[in-house]
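In: coordinates only, sequence not included:
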């Protein structure tokens, strides 16, 4: 009896030790909240010694948090954050250069040019409009086919857009308009669009959720969220405007100075695998590994051909100035911050 008690105690101690042996990784992310559980499960299935702890918010808020913590970083890894944000941080020496095992299998246009890379792209998220067809019929609104359509009088008060200071989706829109049309024409366009905006949100997915719920006819958002809402049965058309659409890369990087470097490298290695890319493709049509992506239900047809030639270097370099100018002109219609 005494032996059994001692043996049982030793077994419990062993279980406790095994639990303690897991390495907790603090991972900052802007990946959509409804996807995080599947990624955690898949990562930990392949690396049982890892314990992924997500810290999730919108792109702009995570970027601001990282910049504020620069002198004393709290994250071990940044994962699923816009490449424009990672480029900005990489230029400040924020990341530990590392070439994940198998990174050569990725399309190299999605990988940092430094050797070894400071960040690696995972998948692209692409701007789109979410258009509520039921609300459109009530309001006698034609389906927009271009960005310019949204400045027409009939759309006054009928459009919601993400604030680019909070949302990576908002920033990729503004950045794309400037890259496509040049500064003067782009800001003139945004002045006209502002007249029709009902509200600027602090989330890139919220405008589409609002459109799906019938709170507003048009939400400027991104294709993944539109496809998800349509798949749930919402009466939304997901539209890629004909002039071209902005996009950015969800990407990952290891924070320099992490005390858990080997564990962080394991996560980086997992993140470039075929399995990871297949999971990325469950919601996003463009992923970093060639030959993996399959069509995603309810994505706009031909959206890949409408993705602009995005200059990440330019966008990262001018990000602060663009955001300051945007806030000065338009911030008055932003929803209150929580």
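Out: Yep, it's here. Since this is a predicted model, take the numbers as computed values, not measurements.

In: which parts of this protein belong to which domain?
Out: By the assignment in automatic domain parsing, the chain contains the domains 2-124+248-287, 125-247+303-333.

In: tell me which of the ones you listed sits nearest to residue 296.
Out: Of all the domains of the chain, domain 2-124+248-287 sits nearest to residue 296, with 4.6 Å by C-beta to C-beta. C-beta coordinates here come from the backbone N, C-alpha and C atoms, glycine included.

In: quick check: mean pLDDT of that closest one?
Out: Averaged over domain 2-124+248-287, pLDDT sits at 91.

In: quick one on the thing from earlier: most tightly surrounded among the domains of the chain?
Out: domain 125-247+303-333 (a mean of 20; mean count of other C-beta atoms under 10 Å).

In: what ranges do the strands span in the stretch 1-150 of the chain?
Out: For the stretch 1-150 of the chain, applying DSSP state E, counting those that start in this stretch gives strands covering 23-29, 50-56, 77-82, 95-96, 120-132.

In: adding distance to residue 37, write these out as CSV.
Out: Output for these, formatted as CSV (distance: least, C-beta to C-beta, whole Å):
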stretch, distance to residue 37
strand 23-29, 12
strand 50-56, 9
strand 77-82, 14
strand 95-96, 26
strand 120-132, 17
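
In: those: which one's closest to residue 222?
Out: Nearest of those to residue 222, taken as C-beta to C-beta: strand 120-132 at 5.0 Å.

In: now the angle between strand 77-82 and that closest one, please.
Out: With axes from the mean of the first three to the mean of the last three C-alpha atoms, to 10 degrees applied, the angle from strand 120-132 to strand 77-82 works out at 40 degrees.

In: next, the angle strand 77-82 makes with the helix or strand that contains residue 320.
Out: Element membership for residue 320, per DSSP states H and E: helix 312-330. If you take the same axes, to 10 degrees, helix 312-330 sits at 70 degrees to strand 77-82.

In: on contacts alone, who are the packing partners of helix 312-330?
Out: Here helix 312-330 touches helix 83-90, helix 168-181, helix 183-196, going by 3 or more C-beta pairs under 8 Å, 6 or more residues apart in numbering; DSSP states H and E.

In: with residue 266 as the reference, name the closest of those.
Out: Smallest distance to residue 266 across these (C-beta to C-beta): 19.5 Å, for helix 83-90.

In: the closest one - contacts with which helices or strands?
Out: Contact here means 3+ C-beta pairs under 8 Å, 6+ apart; on that basis helix 83-90 packs against helix 59-68, helix 168-181, strand 247-255, helix 312-330.

In: how about these in CSV, adding distance to residue 39?
Out: As requested, the helices and strands packed on helix 83-90 are arranged in CSV below (distance: least, C-beta to C-beta, whole Å):
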stretch, distance to residue 39
helix 59-68, 16
helix 168-181, 18
strand 247-255, 11
helix 312-330, 23
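
In: can you say which of the ones you listed is nearest to residue 239?
Out: When the helices and strands packed on helix 83-90 are compared by C-beta to C-beta, helix 168-181 sits nearest residue 239, at 13.7 Å.
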